[in-house]
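J.: Following is a predicted model, sequence given first.
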Amino acid sequence: VDEDTWLQLGFLAQVQYETIENAAGTNNNKWNNEFFTRRARILALGSVHEKVKFFFDTDVPNAGKTGADNSLVWNDGLIDFQFMPELNVSIGRLLPPFSLESQASATTLLGLDYNLNSIKLPTPNDRSFWRDDGIEARGILADGLVDYRVGVFKGQRESDLNPDDELRTTGMIMINLADAQPGWYYNMNSLGSIDMISFGAGYDRIPNSGAGFSDGKAWSLFAQVDQGLSTGRL
């Protein structure tokens, strides 16, 4: 409609071939081979006001993979109120702000996929992969030197574990000695468009996260460097 009222639609597909040694069989040297679609997403990005944006996407994760559920899932969905660089508020289904990688877009990862050993975030919403429903505040302070993200989320919803519906709290703070990244998602591989010297810490607390746990707590420490090196990047 105009520069403040618009809609973009898109489609993302990431096709993979995978071969894994089948150690559980009688022949330990046997390998299974498979083609599947790791991500098949319909995306909608739009604006209804200069300071009000939205993003929504669906997914069929691991579509066609043997044993995987091939039904459609609501992946991300947020309304973002962009008050000022120092304060933005997002409401909806979000990636909890725990670390650089857990806030990165799947299209810009350094590796083939997320490192699941570094993102041990529970997923209250079935098959939406460590996302949660809630509200998040984020901002860039001191001309990009400090990046903060904090949120309150749904957390554990099983009534026998969390009868009082106590909420989850997650947050991270990052120091940027080079370029800042004020958008919704971090870019882990900018192909040279930004320089990064960033480090920080994150915290995640889920009350009554499991049987016998009054508090599930996790910490993260992270850093990333992305700098020019002659005609290439390091």
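T.: Received it, and whenever you're ready, just let me know what you need.
J.: Can you tell me what sits against stretch 38-52?
T.: 4-16, 53-63, 75, 79-83, 106, 113 (CB atoms under 8 Å, 6 or more residues apart in numbering). C-beta coordinates here come from the backbone N, C-alpha and C atoms, glycine included.
J.: how distant is the helix or strand of the chain with the lowest mean pLDDT from the center of its chain?
T.: Lowest mean confidence among the helices and strands of the chain (mean pLDDT, DSSP states H and E): strand 232-233, at a mean of 75. Chain-centre distance of strand 232-233: 26 Å, with CA atoms, centre = their mean, to the nearest Å.
J.: Use 15 as the first number for this chain going forward.
T.: Done: numbering now begins at 15, and the last item shifts to strand 246-247.
J.: quick one: strands adjacent to it?
T.: Applying DSSP bridges to the sheet, strand 246-247 is found paired with strand 242-243 (antiparallel).
J.: Show residues contacting the strand it pairs with.
T.: Against strand 242-243 from outside (CB under 8 Å, 6+ apart): G206, D209, L248.
J.: any idea how far that strand is from the chain center?
T.: On CA atoms, centre = their mean, the centre of strand 242-243 falls 27 Å from that of its chain.
J.: Give me the mean pLDDT for that strand.
T.: Strand 242-243 shows a mean pLDDT of 80.
J.: and what of stretch 58-77?
T.: Stretch 58-77 comes out at a mean pLDDT of 96.
J.: Can you give me the buried ones in it?
T.: S61, K67, F68, F69, F70, D71, D73, V74, P75, N76, A77 (16 or more other CB atoms under 10 Å).
J.: Among the residues you listed, list the two that are farthest apart in space.
T.: By the measure CB to CB, S61 and N76 form the most distant pair in the buried residues of stretch 58-77, at 32.0 Å.
J.: roughly how far out does the longest strand along the chain sit from the chain middle?
T.: Determined from DSSP state E, the single longest strand within the chain is strand 45-63. On the basis of CA atoms, centre = their mean, strand 45-63 sits 14 Å off its chain's mean C-alpha point.
J.: C-terminal to that strand, what's the next element?
T.: Proceeding N to C from strand 45-63, the next assigned helix or strand is strand 66-73, under DSSP states H and E.
J.: tell me the angle that following strand makes with strand 45-63.
T.: 160 degrees (axes from the mean of the first three to the mean of the last three CA atoms, to 10 degrees).
J.: Strand 66-73: what's the following helix or strand?
T.: strand 87-98.
J.: List the strands paired with that following strand, with their directions.
T.: strand 66-73 (antiparallel), strand 101-108 (antiparallel).
J.: so which of those comes closest to N47?
T.: Nearest of the strands paired with strand 87-98 (CB to CB): strand 66-73, 23.9 Å.
J.: OK, contacts around G153?
T.: Applying CB under 8 Å, 6+ apart, the residues near G153 are M98, P99, E100, L101, N102, D161, Y162.
J.: out of the residues you listed, which is most surrounded?
T.: D161 (24 neighbours; other CB atoms under 10 Å).
J.: so where does that residue fall, helix or strand?
T.: Judged by DSSP H and E, D161 forms part of strand 160-167.
J.: tilt between whichever helix or strand comes after that strand and strand 101-108?
T.: Beyond strand 160-167 on the C-terminal side, the first helix or strand identified by DSSP H and E is strand 182-190. Put simply, strand 182-190 runs at 130 degrees to strand 101-108, going by the same axes, to 10 degrees.
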